[in-house]
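**Student:** Predicted model and sequence below, questions to follow.
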Amino acid sequence: MSVFIKNFMRYRFLLVELIKKGVKLKYRRSYLGIIWTLLEPLLTTIVLTVIFGSLLNRGDSTAYPVYILSGRLLYSFFSSGTNTSMKSIRTNAGMIKKVYVPKYMYPLSSVIYNYVIFLISLLVLAAVSVFLGVFPTWRIFIIVIPLFILLILTVGVGMILSTMAVFFRDLEYLWSVALMLIMYSSAIFYYVEDITRNSPNKEILFHANPLYCCIAVFRDALFGQPIEWGLCLYAAGFSVISLIVGVVLFYKKQDKFILYI
Amino acid sequence: MTMAKPVLEVENVSMQFNLSKEKVDNLKEYIIKSLRGQISYNEFWALSDVSFSLNKGDRLGILGMNGAGKSTLLKVIAGVLKATKGSVKTRGKIVPLLELGAGFDKQYTGAENIYLYGSVLGYSKTFINEKYDEIVEFSELGDFINVPIKNYSSGMKARLGFAIATVVDPEILILDEVLAVGDAKFRKKSEAKIQSMFDKGVTVLFVSHSLKQVKRICNKAMILDHGKLLSFGDIEPISKQYRQMLDA
């Protein structure tokens, strides 16, 4: 353990540099630069609000765009975080083959740089909420809990995927299908109550999805509603387990990476 | 006589590769083939039971035919590959002068890459800040330092890589063939830089096919043959033996 910490301290600057690189390069080639982080979720929220607001007859509620935007931001962080960390070992194969660096730096930095971009994009959510009259209550402080759980979950899942993707190239396609399933069961643009009103036993479909649980608790805190602590606990447990599985799997297999990339 | 601790200790290092007959790199094939019991490997030992140690200031030439395991040995020592069996102990900083600039990002400018590549080599931020001017000056890039690397010539990239990698005083230097970096003028400068490291007593691992170069640089040598350590010792007897092997 002390060897691990010593090694981490020696390479912590590499982690910082990789995170910086991710954030810097993401928008370097575009004219609007980092503004895209703010503009893109705003535009998709407008599209989703217009379409689903009229389809689901939710257009009258001013809180609806805030509801969509919050779900979408959390989902898109999870999606881009797991995707980039899954591909990180292959992307950095050139470096891994030539110089020794602690390999977990690559999936870890991928998730963290996406997290930084995600945190910046939360500014849009704050602006839209205030603009539409969703004002924070004292519960807004609870928001850090689902945000932290989400980070752990994404790192854990990202570690598992990055290890497996080295050995199985087709995992990328499978994961994009899995992500679609996760997206539709995360209640991003519809209300779970609308579905469970007629068939209450379908609730389990949502509650089994840790990402939905994060989103639900995040929204509770945002809208100042009572927090669903059960969901929060489940998501926290799921995240910690996925992190443990991810770390153990990665450590067991990392010496073999170089033979496959 | 002082009994200095060896700088590099290689103990019973063996490296095994699984050469699968067909490369299975996706889940679909893996599941089908393992259900049918068709996954098979050819075991191949790139290194078997190699042991030696070097003291401070030793300069070791690694000789051997193609496929003898020279590059594998260097990679194991540099920590890129992990030995299947055995252990490698090193004291102090290793600088591998192999494929300079492998850690560069094309979209980054030269200046940004100094920090990125420096961090890959395990330098701290304060260290790079201190040495930044020295690196830029040595690389002779001038104003190009603020241009993305993708616009560099290969010589410019190699010069920058060399300048970053050699800005530290390493305990162990790994050289694969003789460096041909940039034009004649820069080559002279880089050779002088390496010579100054020699003078400071750096331990060198040097791989080359040219016996002449090895004799010029090294005081010790080893011969690898099909992953086995054939002989290890002072340069003169070993190079004589190697020449006999070549003539045979």
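**Tutor:** Good, I have the coordinates.
**Student:** Let's verify the closest residue to chain B within the stretch 51-200 of chain A: helix, strand, or coil?
**Tutor:** Relative to chain B, the nearest point of the stretch 51-200 of chain A is residue A:100 (3.4 Å; C-beta to the nearest C-beta). Where C-beta positions appear, they are placed from N, C-alpha and C, glycine not excepted. The three-state label for residue A:100, taken from DSSP: H, G, I helix; E, B strand; the rest coil, comes out as coil.
**Student:** wait, doesn't it sit right on residue B:76?
**Tutor:** No - judged on C-beta atoms under 8 Å, residue A:100 makes no contact with residue B:76 at a distance of 10.6 Å.
**Student:** Between the two, which is the more surrounded one?
**Tutor:** Taking other C-beta atoms under 10 Å in any protein chain shown, residue A:100 and residue B:76 do not tie; residue B:76 has more neighbours (23 against 19).
**Student:** got a pLDDT number for the residue of the stretch 51-200 of chain A closest to chain B?
**Tutor:** At residue A:100 the predicted local confidence, pLDDT, stands at 87.
**Student:** Who are the contact partners of it?
**Tutor:** Applying C-beta atoms under 8 Å, 6 or more residues apart in numbering or on different chains to residue A:100 gives the contacts B:78, B:79, B:80.
**Student:** would you list these in CSV and tack on pLDDT and neighbour count?
**Tutor:** Below are the contacts of residue A:100 laid out as CSV (pLDDT from 0 to 100; neighbours: other C-beta atoms under 10 Å in any protein chain shown):
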residue, pLDDT, neighbour count
B:78, 88, 20
B:79, 88, 14
B:80, 88, 19
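**Student:** Among these, which one sits closest to chain A?
**Tutor:** Chain A lies nearest to residue B:79 out of these, by C-beta to the nearest C-beta, at 3.4 Å.
**Student:** Number of residues surrounding residue 148?
**Tutor:** Picked chain A for this. Residue A:148: 13 surrounding residues under other C-beta under 10 Å.
**Student:** To clarify, I was referring to chain B.
**Tutor:** So residue B:148, with other C-beta under 10 Å, has 16 neighbours.
**Student:** Dihedrals phi and psi, it?
**Tutor:** Main-chain dihedrals, residue B:148, degrees, to the nearest 10: phi -60, psi 140.
**Student:** got any ranges where the chain has weak pLDDT?
**Tutor:** Went with chain A since none was named. Low-confidence segments of chain A (pLDDT under 70): A:59-60.
**Student:** Hmm, no, I was thinking of chain B.
**Tutor:** For chain B (pLDDT under 70), the answer is B:1-4, B:20-23, B:39-40, B:101, B:177-182.
**Student:** Given the strand or helix carrying residue B:45, what are its sheet partners and their directions?
**Tutor:** Using DSSP states H and E, the element containing residue B:45 is strand B:41-54. Applying DSSP bridges, strand B:41-54 is found paired with strand B:8-20 (antiparallel).
**Student:** Dump the strand it pairs with to CSV, keeping only the CA atoms.
**Tutor:** Output of strand B:8-20 as CSV, limited to C-alpha atoms (Å, rounded to 0.1, in the frame of the first residue of the first chain):
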residue,chain,number,x,y,z
LEU,B,8,20.9,-2.7,-11.4
GLU,B,9,20.2,-6.3,-10.3
VAL,B,10,18.5,-8.7,-12.7
GLU,B,11,17.6,-12.0,-11.0
ASN,B,12,16.5,-15.1,-12.8
VAL,B,13,14.3,-13.1,-15.2
SER,B,14,12.2,-15.1,-17.6
MET,B,15,9.6,-13.7,-20.0
GLN,B,16,7.0,-15.8,-21.6
PHE,B,17,4.7,-14.9,-24.4
ASN,B,18,1.6,-16.7,-25.5
LEU,B,19,1.6,-16.8,-29.2
SER,B,20,-1.9,-17.8,-30.0
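**Student:** and that strand, how far out from the chain's middle?
**Tutor:** In this view, strand B:8-20 has its centroid 16 Å away from the chain centroid, taken as C-alpha atoms, centre = their mean, to the nearest Å.
**Student:** Give the next helix or strand downstream of it.
**Tutor:** Next helix or strand after strand B:8-20 toward the C-terminus (DSSP H and E): helix B:27-36.
**Student:** and the angle for that next one with strand B:8-20?
**Tutor:** Helix B:27-36 runs at 80 degrees relative to strand B:8-20, counting by axes from the mean of the first three to the mean of the last three C-alpha atoms, to 10 degrees.
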